[in-house]
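Student: Output the structure for:
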Amino acid sequence: MNAMNILVVEDQQDIIEMLRLTWSDSRDKLEYISSVRQARRYIHSNELSAYDCIIIDINLPDGSGLELLREGRLRSDIPVIMISGAGDADSRADAISVGADDYVMKPFSVKELRARAHRLYETRRSTRSSPHAASFSVGCVVCDLQRLLLECSDMTVSITALEGRILQVLHNCEGADCPKSLIARQALFREYDPRDKTIDVYINRLRGKLAELDGGSADAIKTVRGVGYRLSGR
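Tutor: Below is the predicted model of the structure:
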């Protein structure tokens, strides 16, 4: 694994100490800040580009981590993991719908959190360094996964890294049923939980973005009841 620079936005001292003491790779550099105000300084400057991943607590003393996520997504596609001490499947779906790449509930395993952060980083890194752009069409829309863009005629819509991974999984199964369990493992990097609405939220977002460019192309992602989805051929 490559070493990472990680920004942690967390105000609970016990969580910070746990990360400091038990993060298993000493090559990784974790920097800690504790408020929305402090985090905004990074988001609205070039400092954000120095990090490979951000871990954000949803409940911060001076505001919501979700607001930071919204603001950050306007400026960067950096991998973001949200953490929370309270919530359910709906809370996870809300965070994912705003643009989070992953969501972890407290108490969590530091080993698992580190593994998720590195997996997101390596996926983003390998996609960007690939000499051949991953490009295919969904209906009339061209999906460029290297640049994270949907294109049709002279119009473009940006997508997140997670949206790109979901499109890739659907494309790999093109013309056949694509189970949610497969999407969960290959795009979200976890096992599928039927109570988790994350995949449904992202499919709806992708359909909406496709529809912005071409109304008919959104219909290329079909729902397969009780299974998952199917990407119809061009």
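
Student: By mean pLDDT, point me to the weakest helix or strand of the protein.
Tutor: Within the chain, no helix or strand scores below helix 89-98, which has a mean of 78 by mean pLDDT, DSSP states H and E.

Student: Determine the set of other helices and strands touching it.
Tutor: In terms of contacts (3 or more Cβ pairs under 8 Å, 6 or more residues apart in numbering; DSSP states H and E), helix 89-98 is packed against helix 65-73, strand 80-84, strand 102-105, helix 198-213. For the C-beta atoms, the positions are set from N, CA and C on the backbone; glycine is no exception.

Student: Let's have the ones you listed in CSV, adding mean neighbour count.
Tutor: Putting the helices and strands packed on helix 89-98 into CSV (neighbours: other Cβ atoms under 10 Å) gives the following:
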stretch, mean neighbour count
helix 65-73, 19
strand 80-84, 24
strand 102-105, 20
helix 198-213, 19
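
Student: closest one to residue 136 among these?
Tutor: helix 198-213 (12.9 Å; Cβ to Cβ).

Student: Just give me how far that closest one sits from the chain centre.
Tutor: Its chain's C-alpha centre and that of helix 198-213 lie 14 Å apart, by Cα atoms, centre = their mean, to the nearest Å.

Student: And for that helix, what's in contact with it?
Tutor: Residues outside helix 198-213 that contact it (Cβ atoms under 8 Å, 6 or more residues apart in numbering) are 92-93, 96-97, 103, 138-141, 150-153, 155, 157, 159, 162-163, 166-167, 180, 183-184, 188, 192, 217-218, 220-221, 223, 228-229.
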